[in-house]
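Chemist: Predicted model and sequence below, questions to follow.
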Amino acid sequence: RATIHAFELIPSTAAQLRQNTRQFPNIVVHPVALGAATGKACVQLQPQSYGNSLKFTVDSDAGGPGQSEVEITTADVFARATGISHIDALKIDAQACDLEVLQGAAGLLREQRVTFVYTEVGFDDEDSVQTQYFNPFHAFLREHGFRLCGFYEQYNPRIELEFCNALYFHPGALARRRPN
């Protein structure tokens, strides 16, 4: 049975997620954000919890209601600390911080210890708040040997594709994971 590690940057949302998944012992919720580097940040809370993101950081000296201090770690640091040797599927939805999550997983990616990456990408280079712009994300994964499998859950309210989920795989990591 696979273990699912879920990361939620806002502690109260992490507690709610932990409560909602308590019947699944293989889901472990971590009240921490994944990013490009370890540290702390003060996040301005959004009206809906799914909108909370490291994109909305504020001066921590400001304090006040509607803000939450969050811990940040990297996937590389987390994997090392917990003894995770391989990630079959890295699913990211970090509200336009997806590339930063991958940058924090650069060691895992370089060492071919991640087989699949599934994340939301956008096609509007002027929207830096809701989705990760596709081109730099795609280039980063290609530089690390990943190949694009396809686009899923496409959202195009007009004629053009606005955003979707993209699935990538690493051929070398996949070959090592397949049984003979």
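Modeler: Received it, and whenever you're ready, just let me know what you need.

Chemist: A79 is in contact with L108, correct?
Modeler: Yes. The pair L108 / A79 is scored as a contact, 5.9 Å apart, by CB atoms under 8 Å. (C-beta placed from N, C-alpha, C; glycine too.)

Chemist: Identify the contacts common to those two.
Modeler: Listed as contacting both L108 and A79 by CB atoms under 8 Å, 6 or more residues apart in numbering are I87.

Chemist: who's more crowded, those two?
Modeler: Higher neighbour count among L108 and A79: L108, with 24 against 19, using other CB atoms under 10 Å.

Chemist: Now do the contacts for the more buried one.
Modeler: With contact set as CB under 8 Å, 6+ apart, L108 has these partners: A75, D76, A79, I87, V114.

Chemist: run the last query once more with 6 Å
Modeler: Each residue near L108 by CB atoms under 6 Å, 6 or more residues apart in numbering is listed here: A75, D76, A79, V114.

Chemist: mind checking pLDDT for the closest residue to the first one other than its chain neighbours?
Modeler: What sits nearest to A75 in space, not counting adjacent residues and going by CB to CB, 6 or more residues apart in numbering, is A105, at 3.6 Å. Among the per-residue scores, A105 holds a pLDDT of 98.

Chemist: Next, count neighbours for A105.
Modeler: 25.

Chemist: Same check on Q103?
Modeler: Around Q103 there are 17 residues (other CB under 10 Å).
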